[in-house]
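**Q** Any chance you could fold what I've pasted below:
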Amino acid sequence: MTRIHTGPHIGPYCNPVGPYHKIWPRPSDPIWEFTWYLGCTSEGLQIWNARYHGQEALYKASAPLLRVQYDPDDNGRILEFRDDLNEQNSAWIDTYEGVATNAPIRYFAIDTYYNRGIGKYRILQRWVFWETGEIWPRVFSAGEQNPRNHRHHQYWRFDFDVGSASNNVALEWQGYGDRGYGDGWLPIYSETTQTKQVFFGPDGSADRTSWAVVNKATRSGYQIIPGVNDGVVDTFSRFDLAVELYHPWEDLPGTLGNAQDDHVTDFINGEGVDGQDVVVWYVGHLFHDISDHGRDWHETGPNLVPVQLTMTAAGNPTVRIIAPIPNPNVVYLVDQIITFQATAHDANIGAIAENNVVWTDNVDGFLGTGSTLPHTLSAGVHHVTVTVTDSVGRSASDTITILVTGPIL
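**A** Numbers count the residues shown, from 1 in each chain. Alright, predicted model coming up:
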């Protein structure tokens, strides 16, 4: 173990630690290679340019924001804090390696201990790099500022460069449904925030949300698996995961957010992230029961696990007529405009072009194109069909039957 002492300081001074370049276990046989750094900004100990067996994984990983909210006191007052994890508030850094207790798997770890400038809290930030390729970012908290139950919301920012700085895609695990990344993985096409969910698959089995960022060409990347202590969102910290398109000016070292608002969503404006340089924010919501009087250490953080998804052919497109609703008791007139409407999905790219949504009728033939189509029909029993064609030429259709009669004389 190597320990680096990082204080104390008198006044607002800062002595950055690093950057240090690490090749582990040895330069002749590198498993992990990255740069680590503890600076003056509130980002915690940062990891830069992480490579696993020579393959790009992360451009930058940091812990830029730690927010705390207490339950109301006897006067209804709610205390909220932002704790800065930086060199000024730290006491020491340990670097060490070891072997898992339940398997012969080696790891390299970096611990940073903070006990200054954060009230009565003690914070331990940890990065663990396993020889299997897993990365475990962790934050441990002990101590209490006030004798009330409270929640620590730790925000990690992961700027993934899986294979390269572009052509990455974020995916959500929903257990079933194939969009070309294997059954259960659904691509996230635009910037968004999401929360963990419990859902049920077609066989009735329960599962939980996780996420991944993979390279679109190789389908390899990292699955983001929520930790068992990562809690749930509340009105103070409203999301578990945010996906952003990378812009260098949106990486605000240590200055984004405050005690009252994380301000992460200020940059969520719907930009496309499919096949782009993807940034993911992950939040652990750590509940602290004050009955231990601040003596116990509480842990939060996800597991980043290497994943190799199967490159599958995307499924067929889907289409469903949602208007008019078939009803044998409803009869339309020949001069009545009927609004036909359908919903459609391309399993490859999501949306289906309007000119590829085609309406036909067994009596009147071609009716027109588009997801919404106002049209009149001649008298008779009509089987109206909508057919869609996706980006790779696959098609699907749906049909309804409606009755049209001539004018009543």
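**Q** If residue 338 is in a bridge, with which residues?
**A** Counting by DSSP bridges, residue 338 is bridged to residue 375.
**Q** Equivalent analysis for residue 140, please.
**A** residue 124, residue 299.
**Q** ditto for residue 172
**A** With DSSP bridges as the rule, residue 172 is bridged to residue 186, residue 211.
**Q** what's around residue 115, how many residues?
**A** 19 (other CB atoms under 10 Å). Heads up, the C-betas are built off the backbone N, CA and C, glycines and all.
**Q** got a pLDDT number for it?
**A** We have a pLDDT of 90 for residue 115.
**Q** so who does it touch?
**A** 89, 91, 121-123 (CB atoms under 8 Å, 6 or more residues apart in numbering).
**Q** rerun that using 6 Å as the cut-off
**A** 91, 122 (CB atoms under 6 Å, 6 or more residues apart in numbering).
**Q** With residue 6 as the reference, measure out to it.
**A** 11 Å (CB to CB, to the nearest Å).
**Q** where does the stretch 251-400 of the chain have low pLDDT?
**A** Scanning the stretch 251-400 of the chain for pLDDT under 70 picks out the ranges 292-295, 310-315, 348-350.
**Q** one more time with 80
**A** Within the stretch 251-400 of the chain, the segments meeting pLDDT under 80 span 289-296, 310-316, 318, 326-329, 345-351, 392.
**Q** Any idea which residue is closest to the centre of this structure?
**A** residue 241 (4.0 Å; CA atoms, centre = their mean).
**Q** so where's the stretch 1-150 of the chain shaky on pLDDT?
**A** For the stretch 1-150 of the chain (pLDDT under 80), the answer is 7-13, 119-120, 143-147.
**Q** related to what we said a few turns ago, burial check on the closest residue to the residue nearest to the centre of the chain other than its chain neighbours, number of neighbours?
**A** Nearest in space to residue 241, with sequence neighbours left out and distances taken as CB to CB, 6 or more residues apart in numbering, is residue 194 at 4.9 Å. Neighbour count for residue 194, taken as other CB under 10 Å: 16.
**Q** Verify the stated contact: residue 194 with residue 243.
**A** No. Residue 194 lies out of contact with residue 243 (CB atoms under 6 Å); the separation is 7.8 Å.
**Q** just to revisit the earlier point, need the contact list for the residue nearest to the centre of the chain.
**A** Listed by CB under 6 Å, 6+ apart, the contact set of residue 241 reads 194, 211, 282.
**Q** just residue 303 next, same as before
**A** 136, 225.
**Q** so what's it bridging to?
**A** Those that pair with residue 303 in a beta bridge, by DSSP bridges, are residue 225.
**Q** any idea how far residue 325 is from it?
**A** Taking CB to CB, one finds residue 303 at 47 Å from residue 325.
**Q** what do you get for residue 169?
**A** 37 Å.
**Q** and the two? which has more neighbours close in?
**A** residue 169 (24 against 9).
**Q** Touching, that one and residue 187? I think so.
**A** Yes. At 5.4 Å, residue 169 and residue 187 qualify as touching, with contact defined as CB under 6 Å.
**Q** Contact partners for residue 117?
**A** Per CB under 6 Å, 6+ apart, neighbours of residue 117: residue 89.
**Q** quick one: secondary structure of it?
**A** State at residue 117, reduced to three classes by DSSP: H, G, I helix; E, B strand; the rest coil: coil.
**Q** Identify the bridge partners of the residue nearest to the centre of the chain.
**A** residue 194, residue 282.
**Q** can you check residue 67 too?
**A** Applying DSSP bridges, one finds that residue 67 bridges with residue 82, residue 153.
**Q** count of residues packed around it?
**A** Other residues near residue 67 come to 22 when the count uses other CB under 10 Å.
**Q** One more: residue 15?
**A** Neighbours of residue 15 using other CB under 10 Å come to 12.
**Q** Now it: closest residue in space, sequence neighbours ignored.
**A** residue 87 is the one closest to residue 15 (CB to CB, 6+ apart), at 6.3 Å.
**Q** Just want the phi and psi numbers for the one you found.
**A** Main-chain dihedrals, residue 87, degrees, to the nearest 10: phi -60, psi -40.
**Q** returning to that earlier point: just the contacts of residue 241 now: which is nearest residue 63?
**A** residue 282 (10.1 Å; CB to CB).
**Q** ranges for the strands of the stretch 51-200 of the chain?
**A** For the stretch 51-200 of the chain, the strands defined by DSSP state E, counting those that start in this stretch cover 55-70, 80-82, 90-99, 106-114, 122-130, 135-142, 150-160, 168-173, 185-188, 192-194, 198-200.
**Q** Tabulate those strands (JSON lines), appending distance to residue 404.
**A** Listed next are the strands of the stretch 51-200 of the chain as JSON lines, based on distance: least, CB to CB, whole Å:
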{"stretch": "strand 55-70", "distance to residue 404": "61"}
{"stretch": "strand 80-82", "distance to residue 404": "64"}
{"stretch": "strand 90-99", "distance to residue 404": "77"}
{"stretch": "strand 106-114", "distance to residue 404": "72"}
{"stretch": "strand 122-130", "distance to residue 404": "68"}
{"stretch": "strand 135-142", "distance to residue 404": "63"}
{"stretch": "strand 150-160", "distance to residue 404": "56"}
{"stretch": "strand 168-173", "distance to residue 404": "44"}
{"stretch": "strand 185-188", "distance to residue 404": "40"}
{"stretch": "strand 192-194", "distance to residue 404": "43"}
{"stretch": "strand 198-200", "distance to residue 404": "42"}
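**Q** now for those strands, which one comes closest to residue 19?
**A** Going by CB to CB, the one of the strands of the stretch 51-200 of the chain nearest residue 19 is strand 55-70, 11.8 Å.
**Q** buried set for the closest one?
**A** Going by neighbour count (16 or more other CB atoms under 10 Å), the buried part of strand 55-70 is 56-70.
**Q** Likewise for stretch 79-92?
**A** Neighbour-count burial for stretch 79-92 [16+ other CB under 10 Å]: 81-90.
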